[in-house]
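>>> test case, fold it:
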Amino acid sequence: MNLVRILRRTTAAPRSKARHSATPFWLIFLLIGVASGQTPAQKDVLIINEVGLAHPASALVMEQVMASVSADPRYQTEFYVESLDSPLVSNEALRRESEARLLEKYAARKVDVIVAMGPAPIRLLAQHSNFQPEVPIVFCGGTREQAGDVTLSSRFTGSWLKPDVGKTVEAAMLLMPDLRHLFVISGSSQFDKTALKTVKSNLEEHPFPLEITYLTDLDMSSLLERLRHLPPQSAVLFVSFFRDASGRQFVNATTALPLVSKAASAPVFGVSDRYLEHGSVGGYVLSYADQGKIAAQRVTDLFAGKRPAEIPILTSPSVYMFDWKELKRWKLSESKLPAGSIVIAREPTVWQKARWILLPALAVILALSVVAAYLLYNQKQLRAARKEQIRLSGMLIRAQEEERRRLAGELHDDFSQRLALLSLELETATESLPDAPQEFNEQMNELINSASEIGADLHTLSHRLHSSTLERLGLAAGVASFCKEFAAHEGTQVAFRQDDLPRTVSPVVALCLFRIVQEALRNVKKHSGASNAQVSLETENGELHLSISDDGRGFDVQNVSTHQGLGLWSMQERVQLIRGRFEITSKEQKGTRIDVWAPVDVETESSHEILREGAHASAAAPD
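Predicted coordinates for the structure are as follows:
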């Protein structure tokens with residue numbers, strides 16, 4: 001397994017407390033599998049950074065070097081990482097002392113390659129040729145001028161940066177044809193001053209028709225205040241800003257630049273690709289991305305056995321690169337950018353977002369179109385089926401009512417009458433035998449009483465099947481009468497309450513609510529085990545509100561048994577036919593409550609049919 005890890009990260013110079021975070025774990029541990037049976041060679045790399053990994057350029061180069069090495073299964077590499085933090089050290093003696101400690105620390109430690117990232121590490125290693133004299137050095141991240149035009153020995157290979165600020169200014173003039181003022185910003189650290197010197201020299205080579213003002217040696221507050229009041233037709237060129245004139249330190253790209261960009265009343269252009277997405281519009285920028293790739297390739301070549309002298313030193317080209325969001329922010333036309341410009345952070349268009357799913361989307365659209373056509377074709381049939389379903393439900397309920405009426409009539413007109421006649425005949429027979437034994441008379445009296453009780457029960461059953469009270473006296477009287485009879489026969493106390501009922505209620509609605517009361521109370525007796533129940537009828541927001549509740553064992557509404565569910569289904573179907581609302585609430589051991597909201601009157605085809613059946617039934621209703 002190829003394990004790449006940073007063994008140490010010591011700071012050779014004092015640093016700002018808040019601006020240098022620990023090395024991220026995703027940079028520290030990269031695990032890559034290797035081919036089966038291959039033993040990787042052990043390699044040690046010392047990386048010396050100009051600044052810490054909190055700085056985007058340093059972090060990027062570090063990441064690319066580690067990623068490249070970790071991708072090669074031939075090596076198992078350990079990285080030793082040090083940061084000089086030279087832009088943050090103002091005392092020259094302290095700087096030299098910390099550099100000496102670093103050289104002493106690694107003087108006797110064997111490494112295979114040294115990576116020098118930034119001008120200060122390049123200059124340090126060039127001046128101390130006796131430090132690890134046999135170890136090749138890969139350098140990057142600096143210009144010749146920043147490194148002090150040092151002479152590099154044959155053990156150096158890598159790449160130089162070569163800024164061309166003039167092309168950035170030319171790009172700014174293309175984007176802003178009326179540009180008249182250029183404000184150049186740089187900090188007060190030695191690194192900032194060296195970078196500014198290179199920029200000044202470069203600008204002097206291009207006689208631009210601009211008024212150039214250098215905003216240097218200012219504290220951050222004064223600089224920001226100045227930037228808020230720039231004259232019209234201005235642009236800002238951000239060079240480097242690690243420390244302001246008061247000694248306050250900054251992370252160049254991620255702290256200082258965003259403050260400058262936010263305060264400036266004009267577009268801010270930059271010299272580095274790491275400035276983009278932090279407030280810089282862009283320009284002809286130094287490419288630290290290329291620096292990282294070149295350094296990574298050089299390390300791999302040295303691992304493979306090449307000598308530094310065999311690997312040419314390159315000059316990394318700059319590139320036209322711009323931030324799409326900043327172009328939009330300052331209303332700068334993308335069409336005026338130099339040819340070959342790279343635009344990053346562009347918000348994708350709707351087409352760009354969706355094109356990767358275009359074919360699946362088209363397939364889905366086609367399928368949906370087929371389904372839609374099918375649904376449209378069958379829409380009439382679906383409506384007819386729904387209408388037929390409602391009609392069949394109405395027919396079922398009408399059939400129930402008709403059967404109830406027929407049975408009630410037969411019980412009242414036939415069986416009740418025959419039982420009454422039987423009772424009279426028994427009484428007559430008893431009276432015609434005055435000398436009969438007492439035992440015989442007692443048996444006859446028992447038969448007469450039994451016949452009378454059966455007759456009373458048949459009368460009650462007939463009334464339940466078809467309530468003449470409901471038709472003659474209305475909903476409230478019918479429900480009250482049934483509750484009273486139910487309590488008397490079943491032994492369950494039923495409290496009935498009515499409040500503010502309308503004078504007349506549609507017979508269809510009254511019959512529906514009456515049947516629901518019947519079914520609900522039967523369920524109370526059969527399933528609930530409750531000793532008390534409450535029934536209430538009232539008018540609520542222009543609707544009839546029926547409520548039936550009990551204190552029984554309750555049940556899980558989501559898991560209703562088939563037998564009990566038929567009663568609930570019947571109640572729901574009745575409510576649906578009168579266009580009402582049905583709601584049931586129940587919890588185990590906490591009772592059950594049924595609520596029905598119904599209109600006072602209904603005008604539906606099914607309701608009229610039920611009403612007609614009720615009219616036919618009323619003629620033969622039992623008393």
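
>>> residues contacting Phe238?
Going by C-beta atoms under 8 Å, 6 or more residues apart in numbering, Phe238 touches 185, 257, 260-261, 268-271, 275, 280. For the C-beta atoms, the positions are set from N, CA and C on the backbone; glycine is no exception.

>>> and which of these is nearest to Arg123?
Val271 (20.2 Å; C-beta to C-beta).

>>> ok, the residue nearest the centre of the chain to Ile342 distance?
In the chain, the residue lying closest to the centroid (C-alpha atoms, centre = their mean) is Lys353, at 18.7 Å. Distance from Lys353 to Ile342, counting by C-beta to C-beta, to the nearest Å: 20 Å.

>>> check contacts around the residue found closest to Val285 once you drop the neighbours it is linked to in the chain.
Counting by C-beta to C-beta, 6 or more residues apart in numbering, Val285 lies nearest to Asp273, which is 4.7 Å off, once chain neighbours are set aside. For Asp273, the contacting residues are 285-289, 319, 321, by C-beta under 8 Å, 6+ apart.

>>> next, count neighbours for Ser531.
Counted by other C-beta atoms under 10 Å, the residues lying close to Ser531 total 12.

>>> then Leu276?
Using other C-beta under 10 Å, Leu276 has 26 other residues around it.

>>> beta partners for the nearest residue to it once chain neighbours are set aside?
The shortest distance from Leu276 to any non-neighbouring residue, by C-beta to C-beta, 6+ apart, is to Asp323 (4.7 Å). Listed by DSSP bridges, the beta-bridge partners for Asp323 are Ile344.

>>> which pLDDT value does the model give Asp323?
Asp323 is assigned a predicted lDDT (pLDDT) of 97.

>>> count the neighbours of it for me.
Asp323 has 21 nearby residues by other C-beta under 10 Å.

>>> my guess is it meets Gly270, correct?
No. Using C-beta atoms under 8 Å, Asp323 makes no contact with Gly270, being 9.3 Å away.

>>> mutual contacts of those two, please.
Common neighbours of Asp323 and Gly270 (C-beta under 8 Å, 6+ apart) are 276, 280-282.

>>> what's the most distant pair in the residues you listed?
Checking the shared contacts of Asp323 and Gly270 with C-beta to C-beta, the most distant pair is Leu276 and Val281, at 8.5 Å.

>>> common neighbours of the two, please.
Residues touching both Leu276 and Val281 (C-beta under 8 Å, 6+ apart) are 270, 322-323.

>>> may I see these organised as CSV, with distance to Glu485 added?
Formatted as CSV, those follow (distance: C-beta to C-beta, whole Å):
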residue, distance to Glu485
Gly270, 93
Phe322, 90
Asp323, 86
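
>>> pull the CA atoms of the strand or helix carrying Leu546 into PDB?
Assigned by DSSP states H and E, Leu546 belongs to strand 543-550. Coordinates of the C-alpha atoms in strand 543-550 are reproduced here as PDB (Å, rounded to 0.1, in the frame of the first residue of the first chain):
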ATOM      1  CA  GLU A 543     -73.900  22.200   8.900                       C
ATOM      2  CA  LEU A 544     -75.300  19.400  11.000                       C
ATOM      3  CA  HIS A 545     -72.800  18.000  13.300                       C
ATOM      4  CA  LEU A 546     -73.400  14.500  14.700                       C
ATOM      5  CA  SER A 547     -71.000  13.100  17.400                       C
ATOM      6  CA  ILE A 548     -71.100   9.600  19.000                       C
ATOM      7  CA  SER A 549     -68.500   8.800  21.600                       C
ATOM      8  CA  ASP A 550     -67.900   6.100  24.200                       C
END
